[in-house]
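Q: how would this look folded up:
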Amino acid sequence: MKYCEEAVKLDPNYHYAWHSVGWALNKLQRYQEAIPNFKKAMKIISGRTDYLHDLGFAYQKTGKLKKAIDCYEKSVKIDPKFQDGWFDMGITYLELKDFHKAIDCLEKATGKKNCKAYSAIGYAYLSLEVYPKAVKSYQKAVRCDPKDKISMNYVGVAYSNQDKHKLAIKWYQKALKIDPKYIDALYNQGVAYGSDGDHQKGIECFDKVIKLDPNNIEAWYNMGLFYGDLEDPKKGIECVEEALKLDSNNDEALRVLALLKLMKENLDSN
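A: Model prediction:
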């Protein structure tokens, strides 16, 4: 960046140097500072897809999403095969929660093994609750990148949302083979085991989550709930009380605690 700043002092019409300063500022996450440098480069030379894209990216990172989309649209009008423009425009539409437009853009960015595009399409379909299409998109992401544990986890989530818990568990297990300490997959696997009726295995998953993250409130009270399903409300209450130590006003933990106390009273009276 310092060398390019020296270059623009020597030649204020050197558009590449202006752009390079902006590019470096983007890499340094100084997006607001990057914007005027990209604009200066584009005043000198227009019609550069990379300049438009990088300006759009800086706008996106500073929360100016409509300005970002405008830049991305201009870049893909110049080059309809410009995948970076389509991809980042799709991601911006995801941020705006316009999932249908996001999918349209991201589908144009899936060439050249753009694994992230398939994953982002999966997220859009998951948000739209179109779970079968979410499964297919995330599976494409995994075929593209066999180590994509995040997409594996979300295949499981999409199956869980269709009450296909055994299939979901298989996908959580795939993610955990890549990373045995992947908390999201461990937690989701625990929920899926419980939904499939195997509360003991669910508890084992939540126990692993807690060992990795002792402050995981959801794992504590869900483990408590599962102990209740196994007719051990005393142990369940102990778990929920650990959750409430972390957040004494957690509505779900308080609800589970009340349920377990009622169950314990009924068991004790019998």
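
Q: for the host helix or strand of Tyr227, packing partners?
A: Following DSSP states H and E, the helix or strand that holds Tyr227 is helix 217-229. Applying 3 or more CB pairs under 8 Å, 6 or more residues apart in numbering; DSSP states H and E, one finds that helix 217-229 contacts helix 183-195, helix 199-212, helix 233-246, helix 251-269. The C-beta positions use only the backbone N, C-alpha and C, and glycine is treated the same way.

Q: contacts for that helix next, please.
A: Where contact means CB atoms under 8 Å, 6 or more residues apart in numbering, the residues beyond helix 217-229 that reach it are 187, 190-191, 194, 199-200, 202-203, 206-207, 209-210, 213, 233, 235-240, 242-243, 246-247, 250, 252-253, 256-257, 259-260, 263.

Q: filter these to the buried ones?
A: Buried members of the contacts of helix 217-229, counted by 16 or more other CB atoms under 10 Å: 187, 190-191, 194, 199, 202-203, 206, 209-210, 233, 236-237, 239-240, 242-243, 250, 253, 256-257, 259-260, 263.

Q: quick check, Leu257 in contact with Val240.
A: Yes. With contact defined as CB atoms under 8 Å, Leu257 counts as touching Val240 (4.5 Å).

Q: list the buried residues in stretch 179-194.
A: 179, 182, 184-194.

Q: tilt between the helix holding Tyr227 and helix 233-246?
A: 170 degrees (axes from the mean of the first three to the mean of the last three CA atoms, to 10 degrees).

Q: for the remainder of this discussion, apply numbering that starts at 49.
A: Sounds good: first residue 49 from here, last item helix 265-277.

Q: now do the buried residues in helix 265-277.
A: Quick answer for helix 265-277 (16+ other CB under 10 Å): 265-277.

Q: coming back round to it: which of the helices and strands packed on helix 265-277 has the lowest mean pLDDT?
A: Lowest mean pLDDT of the helices and strands packed on helix 265-277: helix 299-317, a mean of 92.

Q: now it - C-alpha only, CSV.
A: Extracted as CSV, the C-alpha positions of helix 299-317 are listed here (Å, rounded to 0.1, in the frame of the first residue of the first chain):
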residue,chain,number,x,y,z
ASP,A,299,-36.9,-18.7,29.5
GLU,A,300,-36.4,-22.2,27.9
ALA,A,301,-34.2,-23.3,30.9
LEU,A,302,-36.8,-22.1,33.3
ARG,A,303,-39.5,-23.9,31.4
VAL,A,304,-37.6,-27.2,31.5
LEU,A,305,-36.8,-26.8,35.2
ALA,A,306,-40.5,-26.3,36.0
LEU,A,307,-41.3,-29.4,34.0
LEU,A,308,-38.6,-31.5,35.7
LYS,A,309,-39.7,-30.4,39.2
LEU,A,310,-43.3,-31.4,38.4
MET,A,311,-42.1,-34.8,37.1
LYS,A,312,-39.9,-35.3,40.3
GLU,A,313,-42.9,-34.4,42.5
ASN,A,314,-45.1,-36.9,40.7
LEU,A,315,-42.4,-39.7,40.9
ASP,A,316,-41.7,-39.0,44.6
SER,A,317,-45.5,-39.1,45.5
